[in-house]
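1. test case, fold it:
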Amino acid sequence: MDPWLALRNTAGVTLPLAAGALLGSVTDGLVVSTGALNVAFRDSSSPYPQRARHLVASSAIAGISVFAGAISGSNPVLSIALAALWAFAAGMLVALSQPAADLGVMSVVMLVVYGANPMTPHNAALVGVGAFLGGLLQTVLSVVLWPLRRYAPERRALGELYRELARAAAAPPASATQPPPATAQSLEAQTSLATLDRDSSTEGQRCRFLLSQAERVRLSLLALGRVRARLLRESSPPAEAELAGRFLSACAEELTVIAQAIQAGQPPESSSRLGELENLADQMHQPSASMAVSAMLADARFQMDALAGQLRSAADVAAPALATPAPQVRHWRHRATGTFATLRANLNLESTAFRHAIRLAASILIGESLGRMLGITRSYWIPMTIVIVLKPDFASTFSRGVLRLAGTFAGLVLATGLFHALPPTVSAQIAAIAALMFVVRCLGPAHYGILAASVSALVVFLVSLTGVSPKEVIAARAVNTAIGGVIALAAYWLWPTWERGRVGEALAFMLDAFRDYFRGIRDSYGHAGSAASLDRVRIAGRRARTNLEASIARVSSEPGVSPRTVALLAAMLASSHRLAQAMMSLEAAIFSSSPVPPRPAFLHFADDFERTLHQLACFLRGSPADAAALPDLREDHRQLVHAAHSGAEVYGLVNVETDRITNGVNTLSADVIRWVGTRPGVS
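-> Presented below is the predicted three-dimensional model:
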């Protein structure tokens, strides 16, 4: 619940009504208020630039939807066909993100509502402009009243976690009876970032990645500290014990720098700490000693390599994760190209978004046709209910359908009572609209039933301002909402999907697609691939990744899914994004650098990377999960780095990106094994 957001949204809806009443033109004020009402549902607590872009885009789409609906309403065949096509396009937006999908729902609602009120082109244009201005009013109120720094609590919790890890790294070896380091700070960070599990923004994903890296650093510090303690217990401690202590001290300094960067939102200060970590790890050799000591040194070397990679990754994303201007760096043409590529990749029956778009378009077509054929009063509530209730997953559709019907009838009863209790004046009706709007935006997000009841009463009061009898509005609303809800529920009754049983396969399918993509990159380095084949496997990987994003979002909304499962899925998704970015950087190097032959060490790394992804996919599909069966990618990367002596520029980039791939896939492997061990992931 966010009362400040509700307050500014309420102001955006009621101010045009009050202005219209004062100027003697309530109808014009109602048009502007309708635009503000629909755009208000796109308002959020997201970062300032992102929210401003979303609201302005919503305002423009609201105006276009109103104009298109009003101008096509006089031709029933055209109006029905346009609504079906519009619904299909809105359904496809699920492939992009949940905010995009919500924008599509809003546009369909505006289209069908004004499609029931045919207008001349001139009047339709005026009404469309009015709706656009209402959206802009809502945007201005959102921009003025909301602080610019969105992620301050998350920054503080992450910074404290990294600071405590720094203190743990610098402390003497702890007793085995003491709790693991940074336990309290880790729990606090987990709690603070729990609200970001469904945040699809770049900042939210990177915050989750920083938390995931902190957990891995915590485990590695614990393991290295235990090895160091065992080395110190030797009668004649070798020099490597002191070396491990120096390494931990350097880790503490680097963790402190990362913590400062996270809290300040500034890039970490340049230093040689990361290079020092690598040098210290290189010095950890295995002397000719007892097998026990050799094993301890090998373990220490492994943990030192892992820590160096983890700290490099954390330093890479520390500042960008919390600097909101970062997403604006990308040119709009690149963003548009990526958007269209994602939509194009999802135009097949294997895509969840495509199937949802087909269901939504067919249901809207049936609802619009039924309402017009039977001559039902205010039949636009049928398709409006359909588009609001129908979601890409069965659980959300069913729960929303039931709550929508129950909430609608409760809201109609509430509206009836309010009409009898309030004086029959415009000012009283506007006051009721303001109160209901506040409830919609403040309490509605907490419970869909409250939202449905409040919206139903709100709509009755808005329509009554046009002079229509409240009794007529209430009766039509009840009948049409019931019809639309039944159509939406029937659509999923005929084609149900429980996402919790599919998300594992979606993740395995993405890993298969990533494996094909990486193989295409490797072949291109060896001049055996082609640009066309790379395009195909890249698009397939993008489709698989967007399907996984949609699948995780649907699992998060299903009843019975534990918060721990949602957090684990979010962490795996964040790792998949990092893998995708690293592989795309490797692909870009093919065309931006002079061609050089791939090193044997790179081919060996590539083979083990593919084996790792294949093995993880097998784990997800039912094979026994065994971490020992996975190749040692960190050792492969070490061999790769030491194999580079030619000084070719592309080798340097490959070394960096394969380090990120190693870190990402190792993080993902640990999460997949945890996921397989907790299936089916419901509480």
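2. going along the chain, name the strands of the stretch 51-200 of the chain.
-> For the stretch 51-200 of the chain, no strands are identified by DSSP state E, counting those that start in this stretch.
3. shaky segments in it?
-> 145-150, 152-153, 173-180, 192, 195-200 (pLDDT under 70).
4. can you give me the helices in it?
-> 76-92, 98-115, 121-145, 152-170, 183-192 (DSSP state H, counting those that start in this stretch).
5. which one of the ones you listed lies closest to Leu55?
-> Proximity to Leu55 (CB to CB) singles out helix 121-145 among these, at 4.0 Å. Bear in mind the C-beta positions are built from the backbone N, C-alpha and C, glycine included.
6. list the helices and strands that closest one packs on?
-> helix 3-23, helix 26-40, helix 48-72, helix 98-115 (3 or more CB pairs under 8 Å, 6 or more residues apart in numbering; DSSP states H and E).
7. so for that helix, what gets flagged as buried?
-> Under the neighbour-count criterion of 16 or more other CB atoms under 10 Å, helix 121-145 has 124-139, 141-143 buried.
8. distance between that helix and the chain's centre?
-> Remark: helix 121-145 is offset 28 Å from the chain centroid, using CA atoms, centre = their mean, to the nearest Å.
9. give me the domain ranges for this protein.
-> For the chain, the structural domains run 3-149+346-494, 152-323, 499-677, going by automatic domain parsing.
10. out of these, which comes closest to Thr339?
-> Of all the domains of the chain, domain 3-149+346-494 sits nearest to Thr339, with 6.4 Å by CB to CB.
11. that older thread, for the helices and strands packed on helix 121-145, which one sits closest to Arg441?
-> Closest among the helices and strands packed on helix 121-145, using CB to CB: helix 3-23, at 3.8 Å.
12. quick one: contacts of that closest one?
-> With contacts defined as CB atoms under 8 Å, 6 or more residues apart in numbering, helix 3-23 is touched by 26-30, 32-33, 36-37, 39-40, 43-45, 134, 137-138, 141-142, 145-146, 426-427, 430, 433-434, 437-442, 465.
13. show me what contacts Ala580?
-> With CB under 8 Å, 6+ apart, Ala580 has these contacts: Phe514, Gly541, Arg542, Arg545.
14. and the two most separated of these?
-> Phe514 and Arg542 (10.4 Å).
15. thinking again about what came up before, quick one, which of the helices of the stretch 51-200 of the chain is packed in tightest?
-> helix 98-115 (a mean of 24; mean count of other CB atoms under 10 Å).
16. name the helices or strands packed onto that helix?
-> For helix 98-115, the packing partners by 3+ CB pairs under 8 Å, 6+ apart are helix 26-40, helix 48-72, helix 76-92, helix 121-145, helix 352-374, helix 381-389.
17. need the ones you listed in a markdown table (columns: distance to Glu188).
-> Conversion of those to a markdown table gives the following (distance: least, CB to CB, whole Å):
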| stretch | distance to Glu188 |
| --- | --- |
| helix 26-40 | 33 |
| helix 48-72 | 26 |
| helix 76-92 | 40 |
| helix 121-145 | 29 |
| helix 352-374 | 35 |
| helix 381-389 | 37 |
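18. out of those, flag the one nearest Glu499.
-> Closest among the helices and strands packed on helix 98-115, once you apply CB to CB, is helix 352-374, at 8.6 Å.
19. follow-up on the earlier one: dump the helices and strands packed on helix 121-145 into a markdown table; add distance to Ile521 as well.
-> As requested, the helices and strands packed on helix 121-145 are arranged in a markdown table below (distance: least, CB to CB, whole Å):
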| stretch | distance to Ile521 |
| --- | --- |
| helix 3-23 | 44 |
| helix 26-40 | 43 |
| helix 48-72 | 31 |
| helix 98-115 | 29 |
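20. cool, thanks, talk later.
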